[in-house]
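Student: Generate a structure from the sequence data that follows.
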Amino acid sequence: MNIVVTLKQTFDTEANIVLKDGKIDATGVNMVMNPYDEFAVEEALKLREKDGGEVVIVCMGGADSEKAVRTALAMGADRAVLINDPALDASDEWVRAEVLAKAIKDIPFDLLLAGRIAVDDQSSQVAVRVAEVLGMPSVTSILKLDVDGGKATVTREIDGGTETIEVPLPAMLTAQKGLNEPRYPTMPGIMKAKKKEMKTVTLADLGLNAADFAPKMTAPVYSLPEARKAGVVIAGEEPIDAVKKLVKLLHEEAKVV
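Tutor: Now for the predicted structure:
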């Protein structure tokens, strides 16, 4: 079974994110593979070990994204494609999905896997958009996966429980925490990863024109929410007087009554 895993490099979840002039300052911030994508890589490796085939990583990002890609290769993925083009620096979910889908079309695959969400923007859109572009079904937040011939049976997380779905292949499945326990790259794996193919491509290499991929959504400035104001304690009042004062504050200051 040939499997493609799309992954993203993100900030370490323990990193201290700093805003400077309305932009995110990544200076000194440790970058890692998106944690949910680790579950997708692990599941792909388990399927390959069981059924044979190839695991290919597809990532879109700058040259620094090579770190996340090499981690996936060290875990055991066979090869990788890194889409690196300056024109994609400000891309949105629509652009990412269109470009990733174009790169994936040239790779033989039976199954697509991805993390259910990226921990930086938390949009949870790209994987299902890729499936839409490629004209295939998608199932999100899976906790269990069984593949038999041309179909997959998955258990996915829903509000208040789980549900089981049977889906024909090829399909896009997004991994939720609990699907598996990702393996750590071993030293031999890290050494082998250095020799594995990681093909870097641009938009032109994919036959795409940067002018056709202007983002449909932009974030001109980032800002932190206003600090919460301290609460008001009504003390030393008779109950009836405290209630009157509370109602007045709720009406005149909080404006909720």
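
Student: Is it correct that E93 is in contact with S123?
Tutor: Yes: E93 lies in contact with S123 (Cβ atoms under 8 Å); the separation is 5.4 Å. (Glycine included, C-beta is placed from N, CA and C.)

Student: Between the two, which is the more surrounded one?
Tutor: Of the pair E93 and S123, E93 is the one with more neighbours under other Cβ atoms under 10 Å, namely 19 against 13.

Student: Please tell me how far the more buried one sits from M217.
Tutor: 8 Å (Cβ to Cβ, to the nearest Å).

Student: next one: M187
Tutor: Distance from M187 to M217, by Cβ to Cβ: 42 Å.

Student: Can you verify L82 is assigned to a strand?
Tutor: Yes: L82 sits within a strand when classified using DSSP: H, G, I helix; E, B strand; the rest coil.

Student: Show me what stretch 82-89 is in contact with.
Tutor: Here stretch 82-89 makes contact (Cβ atoms under 8 Å, 6 or more residues apart in numbering) with 58-63, 65-66, 69, 95-96, 99-100, 103, 198-204, 206, 210, 213.

Student: from these, which would you call buried?
Tutor: Neighbour-count burial (16 or more other Cβ atoms under 10 Å) applied to the contacts of stretch 82-89 gives 58-61, 65-66, 69, 95-96, 99-100, 103, 198, 201, 203, 206, 213.

Student: Name the residues of the helix or strand harbouring K192 that come out as buried.
Tutor: For K192, the host element (DSSP states H and E) is helix 187-193. Buried residues in helix 187-193, counting neighbours by 16+ other Cβ under 10 Å, are found at G189, A193.

Student: tell me the mean pLDDT for it?
Tutor: Regarding helix 187-193, the rounded mean pLDDT is 95.

Student: Please renumber the chain so that the first residue is 11 from this point on.
Tutor: Happy to do that; since the first residue is 11 now, the last one works out to helix 197-203.

Student: Report all helices and strands that that helix contacts.
Tutor: On a contact count with 3 or more Cβ pairs under 8 Å, 6 or more residues apart in numbering; DSSP states H and E, helix 197-203 meets helix 76-85.

Student: and the next element down the chain from the longest helix seen in the chain?
Tutor: Counting by DSSP state H, the longest helix found in the chain is helix 45-61. Moving toward the C-terminus from helix 45-61, the next helix or strand (DSSP H and E) is strand 64-70.

Student: What strands line up against that next one, and which way round?
Tutor: Partner strands and pairing direction for strand 64-70 (DSSP bridges) are strand 12-17 (parallel), strand 89-93 (parallel).

Student: State the three-state secondary structure for V164.
Tutor: Under three-state DSSP, the three-state class of V164 is strand.

Student: ugh, typo on my part, it should be L260
Tutor: Under three-state DSSP, the three-state class of L260 is helix.

Student: For it, which non-adjacent residue is spatially closest?
Tutor: Closest residue to L260 apart from its sequence neighbours, by Cβ to Cβ, 6 or more residues apart in numbering: V267 at 4.7 Å.

Student: Could you list which residues are in contact with the one you found?
Tutor: V257, L260, H261.

Student: Quick one: neighbours of the last one, just the number.
Tutor: Other residues near H261 come to 11 when the count uses other Cβ under 10 Å.

Student: Spatially nearest residue to it (excluding sequence neighbours)?
Tutor: Leaving aside its sequence neighbours, H261 sits nearest to V267 (Cβ to Cβ, 6+ apart; 5.1 Å).

Student: for the first one, same thing?
Tutor: In this structure, V257 finds its nearest non-sequential neighbour in V267, 6.6 Å apart by Cβ to Cβ, 6+ apart.
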